[in-house]
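Novice: sequence and predicted model, in that order:
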Amino acid sequence: MSVGTNLRQLAAAGWPLACALATAAMPAGAGPVAIDVGHYLARPGATSAYGVSEFEYNHALAAVLAARLAADGVAVRLIGHRGEMEDLRARPREAEEAGAAFFLSIHHDSVKAEFQQPWIWQGQEQLYSDYASGFSLFVSRKNPRLDESLACASAIGAALRGAGLRPTPHHAEVATGVGRPWADELNGVYYYDNLVVLKSATVPAVLLEAGVIVHPAEAAELATAARRTLTADAVARGLRECGVTTLR
């Protein structure tokens, strides 16, 4: 089974389950956790070393995370899962209208073009890079709930590290032309003030880059059920530890 086929099949199976569990788990008056599927079909984000779009990775992981939270009795609001939401400001707005307690945007990472090189995968030329791997998290200092956003980002990062994953430092490297400031280096959290979905949110908001999909080994692992489950379990643990449920 190819990486792309694996993602598409699991996403197709996961969304109905996630939606059903999320609806069933939603107690009266509870503000949901908004899970935003990063990017959309017309602009699907980065492309993996295997030619699979970031949106497919985001979609599949968000489905597993939604089901994981809902199975714990956490109310979930899925945003952008149909792939049609082009207006980035509409995403936190939908979360606000749903009374969300927390906004988490799911993404998968890449590196700059100069660090990528071509290879042939299943007869097609793709781009890959061994330059960076690992997860990262982002918060915006323009979000009015920065302290809570950072606390949750750090808790999620700590839980991911506790699960055996490691953060990537490449966003902080000035040599890459980015040089984003650390918010919590130990736990892989950066400041990214102008990310629209974070600065526009009125609730605590975090963006997760679950891994680097141009890295061949990590891209293949990120496409597996085991890695998505491990990530979802760690995110759920982090959200419990930062007290998201007490924000409702």
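Specialist: Arrived safely, thanks for sending. Numbers count the residues shown, from 1 in each chain.

Novice: what residues sit buried inside stretch 198-214?
Specialist: 198-201, 203-214 (16 or more other Cβ atoms under 10 Å). Yep, even glycine has a C-beta here, placed from its N, CA and C like the rest.

Novice: is the spatially most central residue of the chain in a helix, a strand, or coil?
Specialist: Nearest to the centroid of the C-alpha atoms of the chain, with distances taken as Cα atoms, centre = their mean, sits residue 106, at 2.1 Å. Recorded secondary structure, residue 106: strand (DSSP: H, G, I helix; E, B strand; the rest coil).

Novice: can you give me the distance of it to residue 146?
Specialist: 20 Å (Cβ to Cβ, to the nearest Å).

Novice: which sections of the chain are below the confidence cut-off?
Specialist: 1-30, 176-177, 245-248 (pLDDT under 70).

Novice: would you map the helices across this structure?
Specialist: Taking DSSP state H to define them, one finds helices in the chain at 3-25, 54-71, 90-97, 146-162, 196-199, 216-222, 225-241.

Novice: now stretch 92-109 - C-alpha only, PDB.
Specialist: Extracted C-alpha coordinates of stretch 92-109, given in PDB (Å, rounded to 0.1, in the frame of the first residue of the first chain):
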ATOM      1  CA  PRO A  92     -11.100  30.800  14.400                       C
ATOM      2  CA  ARG A  93     -14.400  32.700  13.800                       C
ATOM      3  CA  GLU A  94     -16.200  29.300  13.400                       C
ATOM      4  CA  ALA A  95     -14.500  28.100  16.600                       C
ATOM      5  CA  GLU A  96     -15.700  31.300  18.400                       C
ATOM      6  CA  GLU A  97     -19.200  30.900  17.100                       C
ATOM      7  CA  ALA A  98     -19.200  27.300  18.400                       C
ATOM      8  CA  GLY A  99     -18.200  28.500  21.900                       C
ATOM      9  CA  ALA A 100     -14.900  26.600  21.600                       C
ATOM     10  CA  ALA A 101     -12.600  26.600  24.700                       C
ATOM     11  CA  PHE A 102      -9.400  25.900  22.700                       C
ATOM     12  CA  PHE A 103      -8.300  26.100  19.000                       C
ATOM     13  CA  LEU A 104      -5.700  23.600  17.700                       C
ATOM     14  CA  SER A 105      -4.600  23.800  14.100                       C
ATOM     15  CA  ILE A 106      -3.100  20.600  12.700                       C
ATOM     16  CA  HIS A 107      -0.300  20.800  10.200                       C
ATOM     17  CA  HIS A 108       2.700  18.900   8.900                       C
ATOM     18  CA  ASP A 109       6.100  20.600   8.200                       C
END
